[in-house]
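Chemist: Sequence first, then the predicted structure, then my questions.
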Amino acid sequence: MTAAATGSVLISDVRPYGQGDPVDVLVVDGTITEIGAGLTAPDGAERIDGKGGVLLPGFVDLHTHLREPGREDTETIRTGSEAAALGGYTAVFAMANTNPVADNSTVTDNVWRTGREIGIVDVHPVGAVTVGLEGKQLAEMGMMNAGAAGVRMFSDDGKCVHDPLLMRRALEYAKGLGVLIAQHAEEPRLTVGAVANEGPTASRLGLPGWPRAAEESIVIRDALLARDAGARVHICHASTEGTVELLRWAKEQGISITAEVTPHHLLLDDSRLETYDPVNKVNPPLREVRDTQALRRALAEGVVDCVATDHAPHASQEKCCEFAQAKPGMLGLQTALPIVVETLVKPGLLDWRGVARVMSERPAQIVELTDQGRPIAVGEPGNLAVVDPDASWVVHGDELASLSRNTPYEDMTMPAAVTATVLRGVVTTREGQVTR
Ligand SMILES: NC(=O)N[C@@H](CC(=O)O)C(=O)O
Ligand SMILES: [Zn+2]
């Protein structure tokens, strides 16, 4: 097991959570040791000039696809880590739909070790719930949890755990282990051939529709299964207004259910499909304006807990064919914070404390990480992101760190930029460049 690197850094002229007068924050050997005005850096410490920007806890992404092992032409643990760090992330959860599938501790421990050696973001492998993501037989969750990676989240994401009895068993098993099951909520018998939100846009464009009920029927089923098992369940990429209402109901009942929303489901709607550009194809599909609005409000209220990117790199040849044939998924790590600013901070739905909550604190709590998503305070780990709230920049896929180019935000102007990221006191990015 490689030990996690720590470092020392003086971050000057920053406003924690965007509040109060600018201060300096000193991190020594990975831990915040001082916060105040006019601090001096010890010998050998790195320095970051925050230029009056906002200081936030490093972000935690519960839903990243890194494509290693198996599709290293589209993303590797290294390039995905770089994209994450540039986006302000200090921890990511790498989904299990790799090749081979991360359904055993050999794969999950390898992902974890590789991430650790690269050392610019904590890469936590997500284990598969079922062997080969086939939905037939439970994977060895206990072995993956007991391995070096200490896998704490399990998901067949990309596919739904469809069999209700198997899902029930998975929740019971997970409860015993103290780990989390994250569900890609999609009733597959309702989405055969589906590529776009079922609604007026899909009808007009002649695209087969993906009904809301495909998501919502699994959300309510799994809420009830979690209730009966006394287990926790997490809903991946919530995308509909109805899902929000079901989550609200389930939480009111005291059911241990949490949910994430992606930046693209906060910002984009199915009017983007008019061009038939497959870059806009994603699972679940882009919905309608009423859904984006409901999801924004739900995130602000805490009914939806957190933002997760569902960063899903794909090769250009898999994204340039006909809409129906293209692979679903889009890049997300480097554009997440600006989209949260655009959809929630600018309209006044969230302040910077709220951003820290949905990007860092809640996701860390959901997976019970004790070293991430912590307050910016003396004695806490130095996992931090510095944000220039007034920056504006234009997205160009070929300038992103990802090996793939499938960003739906090409040529879009983004508000706010991550200007530096710090992992345990080690500066991992500054001014848009990876420093390690
Ligand atoms: N979201 C997507 O459209 N695609 C994801 C799988 C997933 O998150 O469901 C992928 O792995 O490409
Ligand atoms: Zn999914």
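Modeler: Perfect, I can see it now. Residues are numbered from 1 along each chain as shown. Ligands and ions are numbered 1, 2, ... in the order given.
Chemist: low pLDDT regions in the stretch 51-200 of the chain?
Modeler: By pLDDT under 70, the stretch 51-200 of the chain contains no weakly predicted segment.
Chemist: OK, contacts around the residue in it positioned nearest to ligand 2?
Modeler: Closest residue of the stretch 51-200 of the chain to ligand 2, Cβ to the ion: His184 (3.6 Å). Yep, even glycine has a C-beta here, placed from its N, CA and C like the rest. Counting by Cβ atoms under 8 Å, 6 or more residues apart in numbering, His184 touches 155-160, 236-237, 283.
Chemist: how about a markdown table for the residues you listed, with neighbour count added?
Modeler: Output for the contacts of His184, formatted as a markdown table (neighbours: other Cβ atoms under 10 Å):
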| residue | neighbour count |
| --- | --- |
| Ser155 | 26 |
| Asp156 | 30 |
| Asp157 | 26 |
| Gly158 | 19 |
| Lys159 | 18 |
| Cys160 | 21 |
| Cys236 | 26 |
| His237 | 24 |
| Asn283 | 22 |
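Chemist: Against ligand 1, which of these make the cut? List them.
Modeler: Among the contacts of His184, the residues within reach of ligand 1 (Cβ under 6 Å from any ligand atom) are 157-158, 283.
Chemist: Please narrow the residues you listed to those residing in helices.
Modeler: Using DSSP state H, the subset of the ones next to ligand 1 among the contacts of His184 located in helices is empty.
Chemist: Pick out whichever of those residues sits closest to Leu56.
Modeler: Closest approach to Leu56 among the ones next to ligand 1 among the contacts of His184 (Cβ to Cβ): Asp157, at 26.3 Å.
Chemist: just the helices in the stretch 101-250 of the chain please.
Modeler: In the stretch 101-250 of the chain, the helices defined using DSSP state H, counting those that start in this stretch lie at 105-118, 141-146, 164-177, 200-205, 212-229, 241-252.
Chemist: Now do the fifth one against helix 241-252, angle only.
Modeler: Translated: helix 212-229. Taking axes from the mean of the first three to the mean of the last three Cα atoms, to 10 degrees, one finds that helix 212-229 is oriented at 10 degrees with respect to helix 241-252.
Chemist: And helix 212-229, what does it pack against?
Modeler: helix 164-177, strand 233-235, helix 241-252, strand 257-261 (3 or more Cβ pairs under 8 Å, 6 or more residues apart in numbering; DSSP states H and E).
Chemist: what lines up beside the last one in the sheet?
Modeler: Which is strand 257-261. Neighbouring strands of strand 257-261 in its sheet, by DSSP bridges, are strand 233-235 (parallel), strand 306-307 (parallel).
Chemist: for the ones you listed, which one ends up most surrounded?
Modeler: Mean neighbour count (mean count of other Cβ atoms under 10 Å) peaks for strand 306-307 among the strands paired with strand 257-261, with a mean of 30.
Chemist: Give me the mean pLDDT for that strand.
Modeler: Average pLDDT, strand 306-307: 99.
Chemist: Then stretch 279-290?
Modeler: 98.
Chemist: In it, which residues are buried?
Modeler: Of all the residues in stretch 279-290, those buried under the rule 16 or more other Cβ atoms under 10 Å are 279-288.
Chemist: Report the contact partners of the residue in the stretch 51-200 of the chain that ligand 1 sits nearest to.
Modeler: At 3.9 Å from ligand 1, Gly158 is the closest residue in the stretch 51-200 of the chain, using Cβ to the nearest ligand atom. Residues in contact with Gly158 (Cβ under 8 Å, 6+ apart) are 95, 97, 133, 184, 283.
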